[in-house]
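A.B. asks: Got a predicted structure here, sequence first:
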Amino acid sequence: MPWISVHQEVDGTKLRRLYRAIGCSKFEALGILNFLWFWGMKNADETGLVKDADLEVLSRYLYGCGEDCQLDMGKVVQALVDTGWIDVVADGFYIHDWDTWQEQWYKLQKNRRLDAERKRKARQMEREAAKPAPKTPEPEQMELPVEPEAKRPAKPKPDKKSYAEFVKMSEANYDRLVKLYGKAFADACIVELDNYKGARGKTYKDDYRAILCWVVDRVKEKNRACFSRAQANLRRLKKIRSESGVSRMGEFDGLLQGVVRQAQAANQPENGDYYDDEGFLVCGNCHTRRQVEVNMPDLKAVPFDPKKKVRVKMPVSCRCRAERRKQEEQMLMQDRKCGQHKR
């Protein structure tokens with residue numbers, strides 16, 4: 001009977017972001033993760049890749065599991081993607097850290113297969129030993145020269161390429177990072193690990209594994225402000241619609257497009273900025289994206305369906321601009337405190 005492992009490390013910041021994004025309790029969020037992993041036992045491979053199903057199939061599965069639940073499962077699945085529990089790629093999506101959470105289950109399956117193969121060979125040897133051996137004349141024994149045992153050739157190590165001053169990995173591992181997270185994000189992870197190793201003198205046996213273990217989560221955490229800002233823009237647009245009394249879809253569509261054009265005009269490429277392979281604007285200084293894709297209602301659909309969404313690129317702050325804004329806010333707060341003390 002299949003089973004899943006629930007680690008104590010699950011109860012952390014990612015779980016907190018999940019139940020806040022859904023608008024439910026921590027207990028409900030942990031239950032949703034368990035049903036996600038139940039579904040993954042039948043639909044994901046050992047690496048967590050789901051090829052034969054999409055997010056809509058997962059949403060319908062959660063609808064079937066959530067009896068008497070008032071949550072919108074489409075919003076739940078999108079929250080799993082936004083908070084990093086699901087990683088969307090070109091040919092499907094990954095259940096994040098699946099090989100870590102369910103490592104014990106796959107080890108058990110491997111040990112069972114090896115044990116079954118060992119028992120099968122033992123039974124075969126017992127049957128062969130029970131057969132009577134044919135009598136053959138014993139040949140004259142001759143002493144043969146003892147030849148020294150040949151040494152087993154060493155396993156060739158994969159050639160590693162230098163992608164930064166302190167970061168090396170094979171081209172296959174780099175291509176896998178690009179396939180999982182995109183070229184801009186993979187390069188940002190390499191820069192993060194290179195700075196960490198250069199500043200602290202750390203060394204790793206495998207830089208690729210180090211990136212998967214902790215660098216990916218750190219880079220996502222630093223870029224979390226970009227996603228929060230995009231979600232705030234959506235909430236602001238909904239508030240504008242409710243307060244302005246716009247009822248016709250055409251008028252609201254024009255208002256929405258006007259807000260998007262104003263935001264894009266305020267976030268034009270500067271010196272050193274460039275576009276990555278996926279068409280996103282990337283900062284030339286910190287090499288993090290200045291744009292993010294968000295779900296917005298498709299107001300041109302006829303008939304109008306509030307559940308139908310389209311992906312729109314919205315401008316956001318890159319890491320260096322977010323840090324500069326944070327420093328400016330801190331300096332402003334200090335100036336205000338100094339002014340209050342003078343009074």
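C.D. replies: Thanks, I have the structure now. Numbering: from 1, shown residues only.
A.B. asks: What ranges in the stretch 151-300 of the chain fall below the confidence cut-off?
C.D. replies: Along the stretch 151-300 of the chain, the parts satisfying pLDDT under 70 run over 154-155, 224-268, 299-300.
A.B. asks: quick one: the strands in it?
C.D. replies: Using DSSP state E, counting those that start in this stretch, the strands of the stretch 151-300 of the chain run over residues 161-162, 168-169, 274-275, 281-282, 291-297.
A.B. asks: Would you reformat these as TSV and include distance to Glu28?
C.D. replies: (Each C-beta comes from the backbone N, C-alpha and C, glycine too.) Below are these laid out as TSV (distance: least, C-beta to C-beta, whole Å):
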stretch	distance to Glu28
strand 161-162	46
strand 168-169	39
strand 274-275	40
strand 281-282	37
strand 291-297	22
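A.B. asks: To Glu56, which of the ones you listed lies closest?
C.D. replies: Closest approach to Glu56 among the strands of the stretch 151-300 of the chain (C-beta to C-beta): strand 291-297, 13.6 Å.
A.B. asks: Which SSE is immediately downstream of the closest one?
C.D. replies: With elements assigned by DSSP states H and E, the helix or strand that comes after strand 291-297 is strand 309-315.
A.B. asks: In its sheet, which strands sit next to that following strand, and in what direction?
C.D. replies: strand 291-297 (antiparallel) (DSSP bridges).
A.B. asks: correct me, but Lys161 touches Tyr174?
C.D. replies: Yes - using C-beta atoms under 8 Å, Lys161 is in contact with Tyr174, at 7.3 Å.
A.B. asks: If you count surrounding residues, which of these two has more?
C.D. replies: Using other C-beta atoms under 10 Å, the more surrounded residue of Lys161 and Tyr174 is Tyr174, with 21 against 12.
A.B. asks: what packs against whichever strand or helix holds Lys75?
C.D. replies: Per DSSP H and E: Lys75 is located in helix 73-82. Helix 73-82 sits against helix 13-22, helix 26-43, helix 55-65, strand 86-89, with contacts defined as 3 or more C-beta pairs under 8 Å, 6 or more residues apart in numbering; DSSP states H and E.
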